[in-house]
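Peer 1: got a sequence here, can you build the structure:
(one chain, ligands or ions: 1)
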Amino acid sequence: MSHTAVDVTVGFIGLGSMGSGMTRNLQKAGFSLVVNDIRRDQAAELLAGGARWASSPAEVAAGSDLVITMLPTPKHVGEAAKGIVDGIAPDGTWIDMSTSVPEVADEIRKANPGLHVLDAPVSGMSVGAAAGLLQIFIGGDEADVTRLRPVFEAMGDKDRILHVGAHGAGYTVKLMLNQLWFTHLVATAEVLAIGVKAGVDLGVLRNALVNSPATSNFVERDVLSVLEQGDYDEGFAIALACKDLGLSLDLAGTVGVPAELSALVEQIYRRARAAYGDRAGEMTPMRLYEDLIGVDLRL
Ligand code: NAD
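Peer 2: Here you go, the predicted model:
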């Protein structure tokens, strides 16, 4: 039977940049919520809207029909998962929507064979989370994906909720997506900085690129937040971007595929993190190039 909002209580752990928008949309869709975060103040608005507070992941799991985690790193997911298994029913459901790796969930599934576990990381930034328009990449059993579709649809764009394979496939797709996007960002920043330093007008250069075989979604759309608003997307901290790049390189190592280009991109991201701090936005590597040429890349 599929989960409709009226009869389901969703437990949600991790109410940060992403989790706050996702929970608001679950609430709007009519799901009851039990929530937890290490910072209780993150829950104020949800509690005012009728959500219940739980003081630990175990309490979240005990008080809900299914549990969602949206936490920064595999380490945080592992900590929360320990509590979840203490409180969850033997045939309960846990969906990890964090950008992470399969190891934690694999261990939990092995030790608790009755549990329904899905990995369902997302893309779309905090803006997409707030708008309920996330793209969602789901790894796990088809029957669970079908049963939980209304839950995913409350948070995501219904045409971009993708069942991408067995357990772990969602994590893999998400890491590959981020690796490619960060690579586009660094490559674009480098090209724009060289071209501008060589004397070409930024707008002219970008237009030429947009109308060329070298164009990309990044050049056409995403770069504009920096070029038009000087917005480096603080909704996604560079510390987390570095985490994702690290996980991606680990995965490449595990499967034995060289990742020379990604390794270089990761180093450039690390440099930007060192220069501008952990909380700087994910697009801050563009600032490295701006500082190098002494010009802000603005249209
Ligand atoms: P965030 O740091 O803004 O939020 C994480 C929240 O988890 C914080 O409120 C923190 O207090 C809480 N938390 C940490 N450890 C906890 C624990 N043990 N128990 C309970 N709460 C805990 O991070 P975010 O930007 O919301 O990202 C969450 C995940 O989503 C990450 O894996 C990230 O890579 C991924 N992601 C982020 C974006 C984005 O644009 N921000 C986009 C796609 C995916």
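Peer 1: per-residue confidence for residue 7?
Peer 2: You'll see residue 7 listed with a pLDDT of 86.
Peer 1: do you know how far the residue in the stretch 151-299 of the chain that the ligand sits nearest to is from residue 257?
Peer 2: Here the stretch 151-299 of the chain gets closest to the ligand at one residue, residue 236, 3.3 Å apart by C-beta to the nearest ligand atom. Bear in mind the C-beta positions are built from the backbone N, C-alpha and C, glycine included. In this structure, residue 236 lies at 26 Å from residue 257, with C-beta to C-beta, to the nearest Å as the measure.
Peer 1: higher neighbour count, those two?
Peer 2: When residue 236 and residue 257 are compared on other C-beta atoms under 10 Å, the one with more neighbours turns out to be residue 236, at 19 against 9.
Peer 1: just give the nearest non-adjacent residue to the more buried one, would you?
Peer 2: In space, not counting the residues next to it along the chain, residue 236 is nearest to residue 282; the distance is 4.2 Å by C-beta to C-beta, 6 or more residues apart in numbering.
Peer 1: my guess is the one you found meets residue 239, correct?
Peer 2: No - with contacts counted by C-beta atoms under 8 Å, residue 282 stays clear of residue 239, the gap being 9.6 Å.
Peer 1: and the two? Which one has more around it.
Peer 2: The residue with the greater number of neighbours, taking residue 282 and residue 239 and applying other C-beta under 10 Å, is residue 282; the counts read 24 against 16.
Peer 1: need the contact list for the more buried one.
Peer 2: Each residue near residue 282 by C-beta atoms under 8 Å, 6 or more residues apart in numbering is listed here: 182, 232, 233, 236, 237, 238, 240, 241.
Peer 1: at 7 Å instead, please
Peer 2: Under the criterion of C-beta atoms under 7 Å, 6 or more residues apart in numbering, the neighbours of residue 282 are 233, 236, 238, 241.
Peer 1: before we move on, the earlier item: which pLDDT does the model give the residue of the stretch 151-299 of the chain closest to the ligand?
Peer 2: Taken from the predicted model, the pLDDT recorded for residue 236 is 95.
Peer 1: pull the longest helix from the chain.
Peer 2: Taking residue count as the measure and DSSP state H as the definition, the longest helix of the chain comes out as helix 169-197.
Peer 1: can it be said to contact the ligand?
Peer 2: No - counting by C-beta under 6 Å from any ligand atom, the ligand has no neighbours in helix 169-197; the shortest distance is 7.3 Å.
Peer 1: how about the following helix or strand past that helix: buried residues?
Peer 2: Following helix 169-197 in sequence order, the next helix or strand is helix 202-210 (DSSP states H and E). When neighbours are counted by 16 or more other C-beta atoms under 10 Å, the buried residues of helix 202-210 are found to be 202, 205, 206, 209.
Peer 1: any chance of those residues in JSON lines, with distance to residue 26 too?
Peer 2: Shown next, in JSON lines, are the buried residues of helix 202-210 (distance: C-beta to C-beta, whole Å):
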{"residue": "202", "distance to residue 26": "41"}
{"residue": "205", "distance to residue 26": "43"}
{"residue": "206", "distance to residue 26": "39"}
{"residue": "209", "distance to residue 26": "40"}
